[in-house]
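Asker: Provided below are the primary sequence and the corresponding predicted coordinates.
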Amino acid sequence: MSDNFLDVKNLKVHFPTDDGLVKSVDGLSFALDRGKTLGIVGESGSGKSVTSLSVLGLHKGGRAKISGEIWLDGEELVSATPEHVRRLRGKKMAMIFQDPLSAMHPYFTVGAQIIEAYRIHNKVTKKVARKHAADLLGRVGIPQPDRRVDSYPHEFSGGMRQRAMIAMALSCDPELLIADEPTTALDVTVQAQILDLMRDLQRDFNAALIIITHDLGVVAELSDDILVMYGGKAIEYGSAEDIFERPEHPYTWGLLGSMPRLDREPTERLLPIKGSPPSLINVPAGCAFHPRCAFEGRTGGKAGTEVPELAETEGGHLVRCHLPREERRAIWANEIKPNLESA
Amino acid sequence: MKKRTLVVAASGAALALALSACGGGDSTTTPTGEAAPAASAPAGPTGFNAGLDAVTNPSDKKGGVLKMAVTEDWDSVDPGDTYYGMSWNLLRIYGRPLVTYNPAPGAKGRELVPDLAESLGVASDGSKTWTYKLRAGLKYEDGTPITSKDVKYAVLRQLDKTTYVNGPTYFNDWLDLPKDFESVYKTPDVNTDQAIETPDDQTIVFHLNKPYAGFDNFAALPATVPIPQAKDTGIKYRDHVLASGPYKFDKVEQGKLYTLVRNDQWDQATDPIRKALPDSYEITLGVQGDDLDNRIISGDLHVDIAGSGVQPAAIASVQQDPELNARADNPIAARTWYISLNPDVAPFDNIECRKAVLFAADRTSLQTAYGGQLAGDVATSLMPPGIGGWQKIETYPSAGSDEAKAKTALTACGQPNGFETTMTFRSDRPKEQAAAESMQQSLAKVGIKLTLKGFPTSEYFTAYAGKPSYMKENKIGLATNGWGADWNDGFGFLSQIIDSRTIREAGNYNLGIKDPAVDALVDQAFAELDTAKRDALWGQADAKVMEGAYVLPAVYAKGLLLRGKGVTNQFITGAFDMYDYLALGVE
Amino acid sequence: MVTYIIRRLIGALLMLAVVSMVTFSIFFVVPRLAGVTATDFANRYVGRAATQETVVEVAKKLGLNDPVVVQYGRWVKGIFVGSEFDYGSGVEHCPAPCFGYSFVTKKPVWPDLLDRLPVTLSLAVGASIIWLLAGVAVGVLSALKRGSLFDRGAMIVALSGVSLPPFFTGLIALSLFSYGLRITAPGGAYTPFSENPAEWAYNLILPWLTLAFLNAAAYARLTRAGMLETMGEDYIRTARAKGLKESTVITKHGLRAALTPIVTIFGLDVGILLGGAILTENVFSLPGLGKYATGAIAAQDLPKIMGFTMLAAFFIVMANLIVDLLYAVVDPRVRLA
């Protein structure tokens, strides 16, 4: 049992492949309450999408090995039957996918797709469902929803599609909403609109919201908590304030440095993280991030040999780093923060 | 030969041989009303080749459906427009010619017996005039009486070869037709009595432009099956041929199906030849060859009308399966597969080089190429045995080859090291391809290099091997060829393929036989009234062709036929070298 | 939409005109270029006893001496206004559409074609339903159970189906089921549907299966590939995320998309088949258009070949048009203009 609405404990999702075991998610724990928002941030392949899919029970079929516990509203999902999880999907927990052009079926009208989602879990007539769909479309800000119900996805603009996608996810008033890169495919002004919409809706529905993104900027204003993932593991987890004001992991610093900000001059250069994400098959020994870490030399050689623990640095702020706490804070305060602000 | 025709007709010669007691010439044979089936042993013989000279499974039981099939449609069921042996054999169930072949096994099947006529023809005017008298009480399926005028009309009608393109031209060539007569359609008013007279409804008199002692053979042609002028619908007559025989057409679906049912106007009393045992005939056309064989083996079908033999797959089954073997007959057919040598192309203008080929060709290998022993015997000349005047010619090997003599001939030809030439074959005929390859191998042993060139059957004679100008221009020295008799004597077999004067612009089966001595023998044979002497002349002509080394005879074809399950009175008739279709019944 | 259809129909007519010209050229012009004369042509349609004079007469009668353009013009005219045929004892008018008279059987070609069509239609419709259902079912199962024993087995069978020609499978099936077990009709059996539907089906079941086997195999492979691709699409994941049952996900969302290309190919295949299943019809001795065509080609019966080619081309052109229209119905992203 768990007290939290959503409580993920030591989640592991491993895929056996011909090349070896892919540890997409390797011992992840986090918790979330109703009305709260969690941002999961990481690069491609960090395991963030797999995490969300496994919460919904959508990780690829029989081939994935999943262990750990996922408690949702007092029910454990990892050990539940697939059929039971299916009944929860869409109703209790729903997902907003990225790139709605490919995530919506091209042969069915937007309305039909929302109606379908609604009627799976609600025994209502088509007519009622259609009305509901139009209402939802209106609610997510689509003009002339009664007419647009009969449009096909390709007849929508990108932002409209994303709104429709959100409407579809909301069709059964889910208590847990997972948004996977909800704004990636959109241009910046539309991004802002969608994020506003999601914030409004979350408030209205009082749902628990997980936003998955590679872009810290997206979660900056929306999230209560932020989980930074790297190589299938959490490397920093804390409140949004912790992450933005007192980040302690070099990777998080990197993410902050590479975050495009509206208040920056467009000519200014981002600060990319050197190197590329680790192979999930041959995860670097020791700290998975150490080959890319600028401060690896200050760990006294531990970086390449020992896997650092995810340890509490203070009040619910967890960091997985070999650098001593004081040194991390010093580096942040003296070397990183001024740089970010001046840059 | 041009078509898959297997037309064999008994000649005066065969008749003379078979009935030597009656003598040759324009004799009349007493009608042998009592046809053979009843005469044979009650139980009937069984086993391989049982049907060659005896009636198998004899029975007089009437009733049942006789199921026949054929891989393709034949030219026409119109008696005036057909040149297929199977058709000539079959049409006698619905049409009655003046004279026909005795339904009896083997050589006895070549005997002519009167059919519509009361007796065989009565000759006068030195065999230039032939008179027949029709039997009394003959009727068509519609009940109208059959008259001699209908026979006359039928014969005259089919002279129009632009309408009836398929049939033979014997009447065109031999009747004493008025000059202004073109056809029954174009010149209906021209008096044709100088060719055919009908003094009364029972009598018909033929006048020939030259004497022919074997005219009964003509009277046995389907062209004498009567057709009333009122019912003639030209080329459309084939849609419903008016029956004079014991069966009439019920369904006619060209290319698909014919069914025939009993003709209740036919009177057994007028017909001593036919027993008319089955109640009906069902003839399916366009049946895939292997499937056809399978159906005969299984008993779903009774007879393959084509009568030319089973497919290779079934040959193998017959060889391996004793039960099937016991149902098979392997008659020799009046057909020869041969290879023409082209004297228009050097060095075949030199007889020694031609001889070299004849010596070097491996006969055994050629026989294998043409399908082995069941498919044919090694040929020693063009004319097949069984035709009057045939003699075995021993100049060239009849098994294997004779390389030594081939080399001697090459030296004599001035080509001691051999030469190169091209050989054509029908590319869609695996047997001919095998024959060509066999030639390539055996000739290579004496230094003659062959380049093989295949052409499709459809164009083979019209555009390639049958077109002398093409063969000359392209320097093609050898060509596979084949010919079947229309006519079971030298006239019917040889005249079209050895007489240099019949060589046309295209469509020839004779490529290289252009020998004045041969032509002279042909002329002599035409003029000879005595059958025995005539046969001897054809034999000499055959020998002369071999002397000139103009052709390399490969095999005398044999067919491998299967007797149907539950079929009665099945036997090979010497007239057609296939099962006789008049006598058949079903159990 | 209407203008689109009209435009396509005009295009189809033009296409047929081109096909007719090409076919005509192949059989009339090309041989002439190769030196085949009118009498050479005529030689094919006379008996073996024909004299040179007869051949010349026949060439004249068949109009083979005329320039090819004139012959073609006469052929086209026949289609639109009909033509006359001298059958010896009289002259017959062959009403439009008259595709001429067979040089060999002297029958008008068009009624013959119409007569053969039901056989081919029966064969094509029955077989295509079987192969579509079987092929798609096997393909879907294979895709869903990718790598399983069923999948491997099915794909091996499918490969053999694609590779084995009907004249092999057909003959094997005949000897096994018709002559061995005696549970199916022997070759050559055909009963019109209107006469006896049960017998019609009984007679056709083996040809259907033979033909279906060939195509089902191809369709199974196509469906499998299509399903594998489709089931990996994002919208399938979306459908699952809605809580849809897996069976609904597969049939409604997966199959719908995977079948689109199959529908296209199916339409074309049926169109081609309506022009005659040459091998199958020959193996089973079915008197359909394919059998008609092989007979016509073997006999070099040009009017028959022309008629058959035009009918077959017509079916293919129409199938193309229907498939295009259908595509727009199936996939809303396609708009016809």
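Answerer: Alright, I've got the coordinates.
Asker: CA only for contacts and neighbour counts going forward, please
Answerer: OK.
Asker: now do the strands in chain A.
Answerer: A:6-17, A:20-32, A:37-41, A:65-72, A:75-76, A:93-96, A:176-180, A:208-213, A:225-230, A:233-239, A:310-314, A:317-320 (DSSP state E).
Asker: low-scoring stretches of the chain, by residue?
Answerer: Just going to use chain A. A:1-2, A:60-62, A:260-272, A:341-343 (pLDDT under 70).
Asker: let's do chain C instead
Answerer: Using pLDDT under 70, chain C drops low at C:48-49, C:336-337.
Asker: which residues in it form strands?
Answerer: Under DSSP E, chain C gives strands at C:83-86, C:91-94.
Asker: count the residues that sit near residue B:450.
Answerer: Neighbourhood size, residue B:450 [other CA atoms under 10 Å in any protein chain shown]: 23.
Asker: my bad, should have said residue A:143
Answerer: Neighbour tally, residue A:143, other CA under 10 Å: 12.
Asker: close to chain A: what parts of chain C are there?
Answerer: Contact residues (CA under 8 Å from any CA of the partner chain) of chain C with chain A: C:233-238, C:240-245, C:253, C:257, C:330-333.
Asker: make a ChimeraX selection of whichever of those residues turn out to be buried.
Answerer: The ChimeraX command for the buried members of the residues of chain C next to chain A (criterion: 16 or more other CA atoms under 10 Å in any protein chain shown) is given here:
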select /C:233,234,235,236,237,238,240,241,242,243,244,253,257,330,332
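Asker: residue C:217 and residue C:159 touch, don't they?
Answerer: Yes - at 6.7 Å, residue C:217 and residue C:159 qualify as touching, with contact defined as CA atoms under 8 Å.
Asker: outside of the host helix or strand of residue B:483 itself, which residues are in contact with it?
Answerer: With secondary structure defined by DSSP states H and E, residue B:483 is part of strand B:476-484. Strand B:476-484 has contacts (CA atoms under 8 Å, 6 or more residues apart in numbering or on different chains) with B:1-2, B:5-8, B:334-343, B:345-346, B:348, B:421-426, B:432, B:435-436, B:465, B:471, B:493, B:509.
Asker: for chain B, which helix extends over the most residues?
Answerer: helix B:531-547 (DSSP state H).
Asker: state the mean pLDDT of it.
Answerer: What helix B:531-547 shows for mean pLDDT is 91.
Asker: domains in chain C, by residue range?
Answerer: Domain assignment for chain C by automatic domain parsing gives C:37-98, C:110-334.
Asker: quick one: neighbours of the residue of chain B at minimum distance from chain C, just the number.
Answerer: Nearest residue of chain B to chain C (CA to the nearest CA) works out as residue B:166 at 3.9 Å. Other residues near residue B:166 come to 24 when the count uses other CA under 10 Å.
Asker: surely it meets residue B:78?
Answerer: No - Residue B:166 is not in contact with residue B:78 according to CA under 8 Å; the separation is 10.0 Å.
Asker: quick one: whatever residue of the stretch 301-450 of chain B ends up closest to chain A and residue A:322, what's the gap?
Answerer: Nearest to chain A, among the residues of the stretch 301-450 of chain B, is residue B:313, at 50.4 Å (CA to the nearest CA). Going from residue B:313 to residue A:322 by CA to CA, to the nearest Å gives 83 Å.
Asker: measure stretch B:375-382 end to end?
Answerer: 17 Å.
Asker: contacts only, for residue B:406.
Answerer: Contact partners of residue B:406, counting by CA under 8 Å, 6+ apart, are B:355, B:356, B:357, B:358, B:359, B:360, B:446.
Asker: for it, helix, strand, or coil?
Answerer: Applying DSSP: H, G, I helix; E, B strand; the rest coil to residue B:406 yields a three-state assignment of helix.
Asker: quick check: phi and psi on the closest residue to it other than its chain neighbours?
Answerer: Using CA to CA, 6 or more residues apart in numbering or on different chains and skipping residues adjacent in sequence, the residue nearest residue B:406 is residue B:356, 4.2 Å away. The phi/psi pair for residue B:356 (degrees, to the nearest 10) reads phi -50, psi -40.
Asker: got a list of what residue B:356 touches?
Answerer: Counting by CA under 8 Å, 6+ apart, residue B:356 has contacts B:405, B:406, B:407, B:408, B:409, B:410.
Asker: on that earlier part again, ok, the residue of the stretch 301-450 of chain B closest to chain A to residue C:286 distance?
Answerer: Taken as CA to CA, the span from residue B:313 to residue C:286 is 21 Å.
Asker: more neighbours: the two, which one.
Answerer: Neighbours per residue (other CA under 10 Å) separate residue B:313 from residue C:286, with residue C:286 holding more: 30 against 12.
Asker: how close does the more buried one get to chain B?
Answerer: Residue C:286 sits 8 Å away from chain B, going by CA to the nearest CA, to the nearest Å.
Asker: report how many residues lie close to the residue nearest to that residue when sequence neighbours are not counted.
Answerer: Nearest residue to residue C:286, sequence neighbours excluded (CA to CA, 6+ apart): residue C:188, at 5.3 Å. For residue C:188, the count of nearby residues is 25 (other CA under 10 Å).
Asker: thinking again about what came up before, would TSV of the strands of chain A with distance to chain C be doable?
Answerer: Formatted as TSV, these follow (distance: least, CA to the nearest CA, whole Å):
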stretch	distance to chain C
strand A:6-17	14
strand A:20-32	18
strand A:37-41	19
strand A:65-72	16
strand A:75-76	17
strand A:93-96	7
strand A:176-180	11
strand A:208-213	15
strand A:225-230	23
strand A:233-239	24
strand A:310-314	31
strand A:317-320	31
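Asker: returning to that earlier point: quick one, what contacts the closest residue to the residue of chain B closest to chain C other than its chain neighbours?
Answerer: Spatially, and ignoring its direct neighbours in sequence, residue B:166 is nearest to residue C:47 (3.9 Å; CA to CA, 6+ apart). Shown in contact with residue C:47 (CA under 8 Å, 6+ apart): B:83, B:165, B:166, B:167, B:168.
Asker: assign the fourth one to helix, strand or coil.
Answerer: To tie it back to what came earlier, the one meant is residue B:167. coil.
Asker: looking at it, residue A:11 is touching residue A:65, isn't it?
Answerer: No - look at residue A:11 against residue A:65 with CA under 8 Å: they stay out of range, at 10.5 Å.
Asker: who has more neighbours out of those two?
Answerer: The residue with more neighbours, out of residue A:11 and residue A:65, is residue A:11; 23 against 16, by other CA under 10 Å.
Asker: how close does the residue nearest to the more buried one when sequence neighbours are not counted get to residue A:87?
Answerer: With sequence-adjacent residues excluded and distances taken as CA to CA, 6+ apart, residue A:11 is closest to residue A:68, at 4.3 Å. Separation of residue A:68 from residue A:87 (CA to CA): 21 Å.
Asker: next: residue A:106.
Answerer: From residue A:106 over to residue A:87 (counting by CA to CA), the distance is 25 Å.
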